[in-house]
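A.B. asks: test case, fold it:
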Amino acid sequence: MKYMLLVCGDDTADASGMAPVEPWVEELGAERGVRLHGHRLRLPAEAVTVRVRDGEVLRTDGPFAETKEYVAGFDVLDCASMEEAVEAAAKHPVATIGAMEVRAFWDDEDAEGEIRRLDGELTEALRERDIDRVMACYAPDVEVFHPAGDAEQSGADALRKAQEQWFSTLAGPAEREVLDLRVRVDESVAFGHALVRLRAPLADGTTLDTTARVTTGYRAAGDRWRIVHQHTSVPSAPDPSTAREGRS
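C.D. replies: Numbering: from 1, shown residues only. Here you go, the predicted structure:
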């Protein structure tokens, strides 16, 4: 579960003896994978407070509340429980001179489930050779790379053209089988690593049957996820007799 760690500084505290934050970031982030991301915030004196009353936007320079304690930064943690999140917060150096507020995210969203459903939709769209359903899975600014002919498509229009050309070479449904899919989600961005097998009859009478490693980048746009990056890596074929590996 994800937790927001609000790092609260104190104007009256002496920070001269505080330990550096970098070792905490290294341990919780690079070593344990608990800290997903975070950032410092500028001082409250540079804040702007916005209110709307009777349709009028009221802007006030300065923080929402004048207190000696203020939010100096934040960290997003991925922990198994509140207890684990509190343990991580207690190790933060600022906890020795200020305060750490730990709050859980609402857990009513299933981002990984949405991404897996998107992958299933792509499989069905390819089987039906439905170009509109295929393109609905991708963002307008998608970047796609496939090593066959060093093919690279930048943007949805280029991808649609390439996809339509590929469909024209098929004599029947394209069966896409995802043998392994691992998804890592971080707020509005996610990455997937999958082993994908593609099988389809070709118009020249041969059969396509190839397995590739596909790395996919996803981005949440509004209330849905879309593919923004896709990189396909196929097995190398050092033997010239197998250079057209995947066709029979």
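A.B. asks: spatially central residue for this protein, please.
C.D. replies: Ala190 (1.8 Å; CA atoms, centre = their mean).
A.B. asks: that residue reaches Trp225, doesn't it?
C.D. replies: Yes. Between Ala190 and Trp225 there is a contact under CB atoms under 8 Å: 7.0 Å. In short, each C-beta sits where N, CA and C put it, glycine included.
A.B. asks: who touches both of those two?
C.D. replies: Shared contacts of Ala190 and Trp225 (CB atoms under 8 Å, 6 or more residues apart in numbering): Ala111, Ile115, Tyr218, Arg219.
A.B. asks: for the last one, the count of nearby residues, please.
C.D. replies: It stands for Arg219. 15 (other CB atoms under 10 Å).
A.B. asks: can you classify it by secondary structure?
C.D. replies: strand (DSSP: H, G, I helix; E, B strand; the rest coil).
A.B. asks: show me what it bridges to in the sheet.
C.D. replies: Beta-bridge partners recorded for Arg219 (DSSP bridges): Val189, Arg226.
A.B. asks: could you measure from it over to Thr210?
C.D. replies: In this view, Arg219 and Thr210 are 27 Å apart by CB to CB, to the nearest Å.
A.B. asks: the second one now?
C.D. replies: Distance, Ile115 to Thr210, using CB to CB: 24 Å.
A.B. asks: ok, those two, which is more surrounded?
C.D. replies: Ile115 (23 against 16).
A.B. asks: wait, is that one part of a helix?
C.D. replies: Yes. Assigned with three-state DSSP, Ile115 falls within a helix.
A.B. asks: how about residues contacting the helix-or-strand element of the chain with minimal mean pLDDT?
C.D. replies: Lowest mean confidence among the helices and strands of the chain (mean pLDDT, DSSP states H and E): strand 151-154, at a mean of 82. Strand 151-154 is contacted from outside by Val142, Glu143, Val144, Phe145, His146, Leu159, Lys161, Ala162, using CB under 8 Å, 6+ apart.
A.B. asks: distance from it to the middle of the chain?
C.D. replies: In this view, strand 151-154 has its centroid 21 Å away from the chain centroid, taken as CA atoms, centre = their mean, to the nearest Å.
A.B. asks: could you dump the helix or strand just after it to CSV, C-alpha only?
C.D. replies: Per DSSP states H and E, the first helix or strand lying C-terminal to strand 151-154 is helix 156-167. Presented in CSV, the C-alpha positions along helix 156-167 are these (Å, rounded to 0.1, in the frame of the first residue of the first chain):
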residue,chain,number,x,y,z
ALA,A,156,-0.1,7.5,-33.3
ASP,A,157,-0.4,8.3,-37.0
ALA,A,158,2.9,6.6,-37.8
LEU,A,159,2.0,3.6,-35.7
ARG,A,160,-1.4,3.3,-37.3
LYS,A,161,0.2,3.3,-40.8
ALA,A,162,2.7,0.6,-39.8
GLN,A,163,0.0,-1.5,-38.1
GLU,A,164,-2.3,-1.3,-41.1
GLN,A,165,0.6,-2.3,-43.4
TRP,A,166,1.3,-5.3,-41.1
PHE,A,167,-2.3,-6.4,-41.1
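A.B. asks: in whatever helix or strand comes next after helix 156-167, what's buried?
C.D. replies: Going down the chain from helix 156-167, the next helix or strand is strand 175-186, by DSSP H and E. Residues of strand 175-186 classed as buried by neighbour count (16 or more other CB atoms under 10 Å): Arg176, Val178, Leu181, Val183, Val185.
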